[in-house]
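S.K.: quick one, structure for this:
(chains A and B)
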Amino acid sequence: MTSMALAQALRSDRHGRLDMLPYARLLDLRFEQDDEEVRLVMPFSIGLVGSPGRLHGGAIAGLLEIAGLAAVILAQQGAQPDADRLPRLRPVTVTADFMREGTPVDTIAAAEVTRLGRRIINVSSRAWQVDRGRPIAMANINFLADWPDAGA
Amino acid sequence: MTERPVLTPEQRQQRFVQRFLGAVPHLAALGIAYRTHGPDWAELEMPFADQQLADPDYGIIASGAIFTLMDSAAGFSVHMALGEFLPIATIDLRIDYLRGPAPGATVVGRGSCYRMTRQIAFVRGYAHDGDPDRPIANMAGTFIVTRPPVVAA
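M.R.: Numbers count the residues shown, from 1 in each chain, chains lettered A, B, ... in the order given. Take a look at the predicted model:
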């Protein structure tokens, strides 16, 4: 996966929607960024429900993965502003912990790049609802970066 | 009087599982449906649909969609092992994405519950796009089971 479209969206605006990405559109995601980080917001909708009144864990994991991806893109743009040379990013392993049930309100996610390697990038992604100090789920994600000119 | 087909207990259970799954909105949104099950395992399938794509430029299914498929297959395997639909919740789930599914392929997710304790169910499984010997993802996880309180005699 990834995503010149996501990189472009993050470059061109401080906030916006991710409708150009079909799965992100299914989750109805929008992003907002400041100097610190990019946050993804997933508003509640009935299509996210797993068991009655609760978000499906898979939807939360999907949000965590895209928040991770966005954080990696921002970190890479910071390290290498020449956007044409961004790699394709693929999650290799995702380990998600679910701490609290997802209630029918907005869910927000942001991720921290713990190590920005050239090939392997380690990310810690967190999702919360009302209180950032009480995460509903977290994921450790390891991305593989495929550079367009691998070997050069 | 309408004639009702006589269902075997297994068919009856299958029909129940199908209805149960069909009533889960996020599975319906991704087109995830029942496939088959056994005493402690379950298979769901996700026929290709546009809304699963991570990025239209690459035509690759979002890993989040595969995560949803696997989480649900794992959860259903726990229900099968329990023999009833007690409340369960995912504690943790790890997925290794081995390779991307073939474009347009139906992805099958299989979960099996290989150990059950009073409170914790341990699951593993994999996803494939046609050949179970060539999986596209591997999965391991745990669920917490909420059983009704034991009433003292």
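S.K.: what does the helix or strand of chain B with the lowest mean pLDDT contact?
M.R.: Ranking every helix and strand in chain B by mean pLDDT, DSSP states H and E puts helix B:9-22 at the bottom, with a mean of 80. Residues outside helix B:9-22 that contact it (Cβ atoms under 8 Å, 6 or more residues apart in numbering or on different chains): B:Leu7, B:Leu27, B:Ala28, B:Ile32, B:Ala33, B:Tyr34, B:His37, B:Ala42, B:Leu44, B:Ser72, B:Phe76, B:Phe85. C-betas here are computed from N, CA, C, even on glycine.
S.K.: give me that answer again for 7 Å
M.R.: B:Leu7, B:Leu27, B:Ala28, B:Ala33, B:Tyr34, B:His37 (Cβ atoms under 7 Å, 6 or more residues apart in numbering or on different chains).
S.K.: equivalent analysis for stretch A:13-26, please.
M.R.: A:3, A:5-6, A:9, A:29-33, A:62, A:66, B:29, B:50-56, B:62, B:64-65.
S.K.: and stretch B:71-91, anywhere near chain A?
M.R.: Yes - for stretch B:71-91, a contact with chain A is found by Cβ under 7 Å from any Cβ of the partner chain, at B:Asp71, B:Ser72, B:Ala89, B:Thr90, B:Ile91.
S.K.: if you rank those residues by neighbours, which is first?
M.R.: Neighbour count (other Cβ atoms under 10 Å in any protein chain shown) singles out B:Asp71 as the most crowded of these, with 29 neighbours.
S.K.: of the contacts of helix B:9-22, which belong to helices?
M.R.: B:Leu27, B:Ala28 (DSSP state H).
S.K.: in PyMOL, select just the buried ones from the contacts of helix B:9-22.
M.R.: Selection of buried members from those for PyMOL, criterion 16 or more other Cβ atoms under 10 Å in any protein chain shown:
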select buried, chain B and resi 27+34+37
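S.K.: which one of the contacts of helix B:9-22 is nearest to A:Pro91?
M.R.: Proximity of those to A:Pro91 (Cβ to Cβ) peaks at B:Leu27, which lies at 21.4 Å.
S.K.: pLDDT and distance to B:Gln18 for the contacts of helix B:9-22 - can I get that in JSON lines?
M.R.: Formatted as JSON lines, the contacts of helix B:9-22 follow (pLDDT from 0 to 100; distance: Cβ to Cβ, whole Å):
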{"residue": "B:Leu7", "pLDDT": "86", "distance to B:Gln18": "12"}
{"residue": "B:Leu27", "pLDDT": "96", "distance to B:Gln18": "11"}
{"residue": "B:Ala28", "pLDDT": "95", "distance to B:Gln18": "12"}
{"residue": "B:Ala33", "pLDDT": "95", "distance to B:Gln18": "8"}
{"residue": "B:Tyr34", "pLDDT": "94", "distance to B:Gln18": "5"}
{"residue": "B:His37", "pLDDT": "93", "distance to B:Gln18": "10"}
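S.K.: picking that back up, taking the residues of stretch B:71-91 next to chain A, tell me the two that lie furthest apart.
M.R.: Among these, B:Ser72 and B:Ile91 lie farthest apart (Cβ to Cβ), at 15.4 Å.
S.K.: please compute how far the lengthiest helix in chain A lies from its chain's middle.
M.R.: As assigned by DSSP H, the longest helix anywhere in chain A is helix A:57-79. With Cα atoms, centre = their mean, to the nearest Å as the basis, helix A:57-79 stands 2 Å off its chain's centre.
S.K.: what does chain B put close to chain A?
M.R.: Close to chain A, as judged by Cβ under 7 Å from any Cβ, chain B has residues B:24-26, B:29, B:50-58, B:60, B:62-65, B:67-68, B:71-72, B:89-97.
S.K.: please pick the buried ones from those.
M.R.: B:24-26, B:29, B:51-55, B:58, B:60, B:62-65, B:67-68, B:71-72, B:89-90, B:92-97.
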